[in-house]
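> With the sequence up front, the predicted model follows.
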Amino acid sequence: MRSPSRLIPDGFTLKAATIRKRQDGWYVSIRIEGKSIPDYVSKPLDEVKSVLGCDLGITKLVHLSDRCQIDNRKFSTNKKAKRTLKIRQRRVSRKVKGSKNRKKAASKLGRFHKKITDKRVAYQWDVANKIVSRKVDAIALEDLNIAGMLKRCKVKVDENTGRFLKNGQSRKKGLNRAISDASWAELILKIEYLAVKQGKVVIKINPKHSSLECRNCVHIDKSNRDGEKFICTECGYHEHADIGAAKTIKDRGLEIVRGDSAKLGVNHQNAQKTSPRSLEQTW
């Protein structure tokens, strides 16, 4: 067993330990708590003056309302990673079930999956830190139903012949993989965690029509958007579609702050559920 990466500081109390088995060995995560760690208090709602809007995507991982765009590295869906995964999965399937060679091939495949996961997690922490470190009082995020977005298309059956008809699932499969690779849910959790530590408020916004609504005349139409381009069919207003969506999310966040503080209060209280005095160390 390897020696611990860090020692438990003096004055801290051991609260919980979690043991995980991963592809390259066993890991122990220890949660400790100490009174020397100050309480992190979010900014009061009536003091929120500035909001940063965030629009999550596939082409770019995050579009911000200040026109900044953060790249999506596509760790498991890039050409090289897909080829490597295909080769290693094929090697596993060709080995005799229960044999040592199959176990070795499966272990090698598992280590590659872990490598992808570790890279994604490290990059997401970097992205979350870039977003939260901006000089704003609150961060507006899309309240996405990611599980619903990943659902399979409804089956279509021909009433006369009873045969299955095309339902678009083969095309949606690639989109599902891209969404899973982007791992929006994990990124949102990291942003919320860092926001609490910096005393900032996280606002969950309904993203409905955020990328289809014209910021000039409020006209909503699917024809307004063509890929990353936004051109209003009513007034001719043009903008980058995803950056415009991030600005719309920011505006909706400001409306909640200025008008309906009760909605924001729920998110504000949920953010405080993160234990301010607890630290977690992985060995």
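Yep, it's here. Numbers count the residues shown, from 1 in each chain.
> what about the strands in the stretch 51-200 of the chain?
51-56, 60-64, 69-71, 138-142, 156-157, 164-165 (DSSP state E, counting those that start in this stretch).
> quick one: buried residues of the third one?
Right, strand 69-71. 69-70 (16 or more other C-beta atoms under 10 Å). Quick note: C-beta positions are derived from backbone N, CA and C, even for glycine.
> Partner strands of it, with direction?
Looking at strand 69-71 with DSSP bridges, its partner strands are strand 60-64 (antiparallel).
> What are the contacting residues of the strand it pairs with?
Here strand 60-64 makes contact (C-beta atoms under 8 Å, 6 or more residues apart in numbering) with 52-57, 69-73, 127, 131, 134, 182, 187, 240, 242-243, 245-246.
> Mind checking the strands of the stretch 51-200 of the chain for the one nearest to residue 196?
strand 138-142 (11.1 Å; C-beta to C-beta).
> tell me the mean pLDDT over stretch 129-144?
Averaging pLDDT along stretch 129-144 yields 94.
> what's it in contact with?
43, 47-56, 62, 64, 66, 70, 184-185, 188, 191, 194-195, 198, 200-207, 210, 249-250, 252-253, 257.
> Please spell out the ChimeraX selection for the buried subset of these.
Remark: buried members of the contacts of stretch 129-144, expressed as a ChimeraX selection using 16+ other C-beta under 10 Å:
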select :48,51,52,53,54,55,56,62,64,70,184,188,191,194,195,200,201,202,203,204,205,207,210,249,250,252,253,257
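> what would the strands of the stretch 51-200 of the chain look like in CSV with distance to residue 8?
Below are the strands of the stretch 51-200 of the chain laid out as CSV (distance: least, C-beta to C-beta, whole Å):
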stretch, distance to residue 8
strand 51-56, 36
strand 60-64, 35
strand 69-71, 35
strand 138-142, 32
strand 156-157, 58
strand 164-165, 58
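> Which among those is found nearest to residue 10?
Taking the strands of the stretch 51-200 of the chain one by one with C-beta to C-beta, strand 138-142 is closest: 35.0 Å.
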